[in-house]
Each structure stands twice: as C-alpha cells, then as structure tokens.
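>>> Fold the stuff below for me.
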Amino acid sequence: MGKRTAAIKAKIASIKAKIAKAKSPERLAALKAQLKVAKKVAALRKALKAAPESKRLAIRAKIARVQAKLRAATKNVQRVTKKVDAKRVAKIQARIAAATDPKRKRALRK
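Just a heads-up that it's a prediction; the model follows:
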C-alpha cells in the first residue's frame with residue numbers, strides 16, 4: 001500500500017468518524033458528499049494499480065478531476081461547519097442575553 005492510498009484511507013476513516021458525531025443535518029449532508037468523493041478517489045487509485053499501461057493516463061486524468069472535486073467538497077464541509085458553529089454560538093448568546101436573573105446569566109456563561 002502506497003503513501004497516497006494510506007492517506008486517502010485515513011481521510012475516509014476521518015470523515016466516517018465526523019459523520020458519526022455530526023448532529024446538524026446540513027453538516028451531515030456535506031460530510032456524506034465528501035465521503036462519496038473520497039471513496040471515488042480510492043476506487044480510481046485501486047483501478048490505476050490494476051490497469052494496463054494504455055489506460056493509466058486516462059485514469060490519472062480522472063483522479064486529478066476527482067481530487068479537485070474532493071478539495072471543493074472539503075471546502076464546503078469547512079464552510080458549513082463554520083456556519084453551524086456560528087448558529088450554535090448565536091443561540092447560546094441569545095439565551096444569555098434573554099436571561100434576567102443574574103445567577104442564571106452567570107450559570108449560562110460557564
């Protein structure tokens with residue numbers, strides 16, 4: 001197993017772990033899309049190893065295109081995660097602002 005194959009396998013495992021922890025449906029969808037593209041990269045790498053010399057160039061070109069999609073999917077996950085986190089923070093801040101009892105306010109800040 002080469003370095004690249006190991007790296008993509010590690011990335012797939014990492015995405016699966018994030019999917020298991022994700023609570024937001026928006027983030028979950030973005031992670032699933034990222035996982036689908038990562039699996040496609042892994043499948044193409046596997047095909048490249050078994051392919052005859054005549055087809056290798058075409059497969060390498062496909063891998064390059066799919067990797068660009070993977071980078072875009074990763075950026076999308078980062079953007080969605082940032083958005084979801086911002087929503088969560090805003091919700092907590094709104095709860096603190098709405099609290100009138102000073103003891104409750106202190107408890108919420110912690």
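
>>> quick one: contacts for K105?
K105 is in contact with I96, A99, counting by CB atoms under 8 Å, 6 or more residues apart in numbering. Placement of C-beta: from N, CA and C, glycine included.

>>> Got the phi and psi for it?
Here is the backbone geometry of K105 (degrees, to the nearest 10): phi -60, psi -50.

>>> Next one: it relative to I19, how far apart?
36 Å (CB to CB, to the nearest Å).

>>> For I19, which non-adjacent residue is closest in space?
If the residues on either side of it in the chain are set aside, I19 comes closest to L31, at 4.9 Å by CB to CB, 6 or more residues apart in numbering.

>>> Mind checking which residue lies nearest the centre of the protein?
By CA atoms, centre = their mean, the chain has its centre lying nearest to L31, at 4.2 Å.

>>> Quick check: which helices or strands does whichever helix or strand it is part of pack against?
For L31, the element it lies in under DSSP states H and E is helix 25-50. Contacts defined by 3 or more CB pairs under 8 Å, 6 or more residues apart in numbering; DSSP states H and E place helix 25-50 against helix 3-21, helix 53-98.

>>> would CSV of the ones you listed with mean neighbour count and mean pLDDT be doable?
Shown next, in CSV, are these (neighbours: other CB atoms under 10 Å; pLDDT from 0 to 100):
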stretch, mean neighbour count, mean pLDDT
helix 3-21, 13, 94
helix 53-98, 13, 94
